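**Q** Just a sequence and a predicted model for now, questions to come.
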Amino acid sequence: MNIQEMILTLQKHWSDQGCILMQAYDVEKGAGTMSPYTFLRAIGPEPWNVAYVEPSRRPADGRYGDNPNRLYQHHQFQVIMKPSPDNIQELYLDSLKALGIDPLEHDIRFVEDNWENPSLGCAGLGWEVWLDGMEITQFTYFQQVGGLECKPVSVEITYGIERLASYIQEKENVFELEWTNGFTVHDIFYQPEFEHSKYTFETSDPDMLFNLFSIYEKEAKRQMDEGLVHPAYDYVLKCSHVFNVLDARGAISVTERTAYIGRMRNLARQVAKTFYEEREKLGFPILNRKGASNHE
Amino acid sequence: MSKHLLIEIGLEEMPARFVTQSMNQLGEKTAAFLKDRTIEFSEVKTYSTPRRLAVIVKDVAESQADVNEEAKGPAKKIALTEDGEWSKAAAGFARGQGMSTDDIYFKEIKGIEYAHVKKFVEGQETALLLTELKDVILSMTFGKNMRWGSNDIRYVRPIKWIAALFGQEVVSFEAAGVQTGNTTSGHRFLGGQAVIIEADEYVSTLKEQFVIADPDERRRMIVTGLEELEKQNGWTIPVDESLLEEVNNLVEYPTALSGSYNEEFLDLPEEVLITSMKEHQRYFPVRSAEGVLLPHFVTVRNGNSHAIEKVARGNEKVLRARLADADFFYKEDQKTPISDSLEKLERIVYHEKIGTLSEKVGRIRRVTNRLAKQFGVSADVKKQADRAAEICKFDLVTQMVYEFPELQGVMGEKYARQKGEKEEVAVAINEHYMPRSADDHVPATAAGALVSLADKLDTIVSCFAVGIIPTGSQDPYALRRQAAGIVQTMMEHNWNVALSDVLTAAIEEVKADGVGDKGAEALQDELTAFFALRVKHILQEKGIRYDLIDAVLSKTGTLSDMQETANVLMSQKDEQGFKVTMEALSRVVNISKKADGPLRVDPALFENEQEKDLYDELKKLEGEWNQSGTTAKSRYDLLASLQPAIERYFEHTMVMTEDEALKQNRLAVMQNLARFILDFAEVPAVLVK
């Protein structure tokens, strides 16, 4: 099964479970969790079921396309269900079966793994799912997002697409994975991998990036003051990406580092709080919609 | 009549580390529940897998025991009217108990007679009371709890089902939105749902569904599996108990299987291979009969042997990727000079308020050198320790330690050796993390011990300086353990320098770097108290009686002196003469405290022989006290030999006499004597009966 078929399979599976199929959010981010479809929608009482592929940029993991296991940008398949359905583990295991993974021929286990992202004020409990000893999925019950208690609790399922594909396609090198007939990951992503690595580690302009960080931060605050959560949050995401590039570049000094993380945490918390308040003003419109939470 | 009782809490996969303790807790709580309600039973048996906690109580009585209860009523003078008739109060009491006044008798409590009745309370049916087992389930506590769905309750993981049976009957109640029943769930993939016909058939019912509910039986299956693989292949598979316990709590139906990795990876340090297998993959490493590591591993699958080669291949692939990564890091690290790594330390924050790792290393090095001087170590050791201190943290920025943080120090030693550092320096880098836990050894080499002390001292002092001080159960930086490590290391290396001097060195260096606002004096006081508690604890563990510990915990003493003195006191405490000696010496110390400032002795003012004798003894003591070769024991003997003279002195001499000049002179003798006594120990703290 190539990656494209995997994605189609997962989309079909979760669509059948009542998830809204969304497209990747168009601002750079380090993980699917940071998408507003997760970060913001996990906040508050309104039900939310969604699935999407998220290209996730990790500048520090860039290896010029040389390393068989590491990428500047990999793909996550992200599922959020709020409230977490009672049969969520079974739904997840069914998705593996849909991918052609017969549990009777493998060793599938749920191994404790608690997740925390202090810079977003997030914490959750759950597992990493092992397939014959390989971690293929992060499975998390959100307990706190943006410093706010999650009520009800969302469950987040994050499949590492390339990881899972390397198992399904029995490939040792991520660049040899088949994306679709006749196209490998190498064909599509090698050049951007190389160039982004070179950019991150060599040609990026730290002064400009520092500047951008401050500009983005200021704009995030200004939009928050206007009660415009989404534009504000876009700028928080931009801050985060710029920070990641600077950090990978080695351009952030010791004392600055903590300070920058603190600044982003404050922004994220404010955004979370404002989002909640804005939804409350609207009367939490999705709260009692029929069918919106048919898996409760 | 009796029946067996079963409760099974079905859960989403619990963290392995909580399974056993939670199982025990369920057993204890269920037993307490029955005892509280005077419901008799014969035996409690507990079961657990990652997905269930269960308890079976055997032979549970079908009703509570009947009891004869005595009820207390009003006092006699209220129960009886003036005419000796039953009062209204008495009649009311009897009626309230369902009895008549004929049943009342009097019984004295604390000198007052009260009306009493004896009544028979018939036990209730057990089945009716068992619905309260809900409270047992909801009162369970776990190391970490979570919420899920729209539930408000917090539990270790979501509750999926509850089976509750008394004999064949379902004990009906609801907990966390789950209704009890007689159905259980088998293995996720191999089994299905199954009805438990009777509590006693729990284990066999689950076995049919590929779940081994008894953790001991599961463990035996794993061990047998390992032994079979050993036999088939001529291997030795050392069983790490904590790994076995963890693996046992990750599976419901264990099947051991083996896989292999490329022999080339055997060039990697063994610690890297073992960490990859054990810590990251929960595999058992495999050795030859001679103990040589082999390119194989054993893992335990949660399932049967169907398609087991496929599972083995999958696991091999994962390990291959991990080891290929490790191999890459290992080769990259070897290309990086130590000096480059040291430069990177400048960019790593040790702690926001304390500064960078590079700054910390600078202090470690300066403190190491000061300690080397204080302890009087050889020039060679000093040189080795200085270099080891300078590079003790360089491996923290290597790629291998970034990936395998548990290998800090271990990789440092290996890389240092490869990069041409002296053997002693390489060893010291690894040793400076020791003791790594409460039961670890202290560094064996002097250089390793010096750097270990300097590092731990710096950590403790700088944390105290910025207000990170352990309180109660809060000690996130394990400062107590590190302090204990310092004390043990100094004791075992016999470094006879006062703890206060060692602390001063570290405090001065921390202050020189401008860490924290707290002043040096305040730090010295806080740390002295902090360390005193650690020393006390260590001496307690060595079996020293608590009052003797108090006696040797003087602020200026050295650790080995404290320990030696404590040992002497322990060995003497049951000897004849110990009591009188301690009493005599204590009396001197106590009286000496009445002196106001330092006093001088004027022998011309002595009035009696005994004063003169004691003064002669004092002179003798002064001469011998600091002679070379004196030990705690010889000093004890010296002091003990004074006892007769002291006693005779007090028989004939009144220290606090009216004549001021005489009094001051006598106090001066006491003061001089007390100086030696207290130099030995705080003798008045010693308890003698």
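**A** Looks like it came in fine.
**Q** who's in contact with stretch B:34-48?
**A** B:2, B:5, B:8, B:19-20, B:22-24, B:26-27, B:30-31, B:53-61, B:63-65, B:67, B:123, B:126, B:129, B:202-203, B:213-215, B:249 (C-beta atoms under 8 Å, 6 or more residues apart in numbering or on different chains). From N, CA and C alone the C-beta is placed, and that goes for glycine too.
**Q** taking those one by one, which sit in strands?
**A** B:2, B:5, B:8, B:53-61, B:67 (DSSP state E).
**Q** quick one on the thing from earlier: now, of the contacts of stretch B:34-48, which are buried?
**A** The neighbour count (16 or more other C-beta atoms under 10 Å in any protein chain shown) marks B:2, B:5, B:8, B:19, B:22-23, B:26-27, B:30-31, B:53-57, B:60-61, B:63-64, B:123, B:126, B:129, B:202-203, B:213-215, B:249 as buried among the contacts of stretch B:34-48.
**Q** how about the residues of the stretch 251-400 of chain B near chain A?
**A** Within the stretch 251-400 of chain B, the positions lying close to chain A (C-beta under 8 Å from any C-beta of the partner chain) are B:251, B:281, B:283, B:299, B:301-303, B:306-307, B:310-311, B:313-315, B:317-321, B:324-325, B:328, B:346-349, B:352, B:355-356.
**Q** go on, the stretch 101-250 of chain B?
**A** Residues of the stretch 101-250 of chain B lying near chain A (C-beta under 8 Å from any C-beta): B:144, B:146-151, B:158, B:160, B:188-190, B:250.
**Q** again, only using 6 Å
**A** Residues of the stretch 101-250 of chain B lying close to chain A by C-beta under 6 Å from any C-beta of the partner chain are B:146, B:147, B:148, B:149, B:150, B:189, B:250.
**Q** Most neighbours among the residues you listed, please name it.
**A** Using other C-beta atoms under 10 Å in any protein chain shown as the neighbour test, those are led by residue B:148, with 28 neighbours.
**Q** Please name the residues that touch that one.
**A** Going by C-beta atoms under 6 Å, 6 or more residues apart in numbering or on different chains, residue B:148 touches A:84, A:141, A:153, B:158.
**Q** Would you check which pair of these lies furthest apart?
**A** Spanning the widest gap among the contacts of residue B:148 are A:153 and B:158, at 9.5 Å by C-beta to C-beta.
**Q** Around residue B:504, how many other residues sit close by?
**A** For residue B:504, the number of neighbouring residues by other C-beta under 10 Å comes to 18.
**Q** distance of residue B:140 from chain A?
**A** 16 Å (C-beta to the nearest C-beta, to the nearest Å).
**Q** Let me fix that, I meant to ask about residue B:559.
**A** 36 Å.
**Q** if you skip the residues just before and after it, what's nearest to residue A:61?
**A** residue A:70 (4.8 Å; C-beta to C-beta, 6 or more residues apart in numbering or on different chains).
**Q** is it true that that neighbour touches residue A:60?
**A** No. Using C-beta atoms under 6 Å, residue A:70 is not in contact with residue A:60; the gap is 9.5 Å.
**Q** Around the residue of chain B found nearest chain A, count how many other residues there are.
**A** Ranking the residues of chain B by distance to chain A (C-beta to the nearest C-beta) places residue B:314 first, at 2.7 Å. Residue B:314 has 22 neighbouring residues, counting by other C-beta under 10 Å.
**Q** Just name whatever secondary elements the host helix or strand of it is in contact with.
**A** Following DSSP states H and E, the helix or strand that holds residue B:314 is helix B:308-335. Contacts defined by 3 or more C-beta pairs under 6 Å, 6 or more residues apart in numbering or on different chains; DSSP states H and E place helix B:308-335 against strand B:254-260, helix B:399-403.
**Q** Next, give phi and psi for the residue nearest to residue A:61.
**A** With angles defined as degrees, to the nearest 10, residue A:70 sits at phi -120, psi 140.
**Q** Next, count neighbours for it.
**A** Quick note: residue A:70 (other C-beta under 10 Å) scores 16 neighbours.
**Q** Quick one, grab the pLDDT at it.
**A** Reported pLDDT at residue A:70 in the predicted model: 89.
**Q** Tell me where the stretch 51-200 of chain A has helices.
**A** Remark: helices assigned in the stretch 51-200 of chain A by DSSP state H, counting those that start in this stretch are A:88-98, A:161-168, A:185-198.
**Q** Give me the mean pLDDT for the second one.
**A** What helix A:161-168 shows for mean pLDDT is 94.
**Q** Touching it from outside, list them.
**A** A:1, A:3, A:74, A:75, A:77, A:136, A:174, A:177.
**Q** Now, of the residues you listed, which are buried?
**A** A:3, A:74, A:75, A:77, A:136, A:174, A:177.
**Q** Of those residues, which pair is most distant in space?
**A** A:77 and A:174, at 15.8 Å, using C-beta to C-beta across these.
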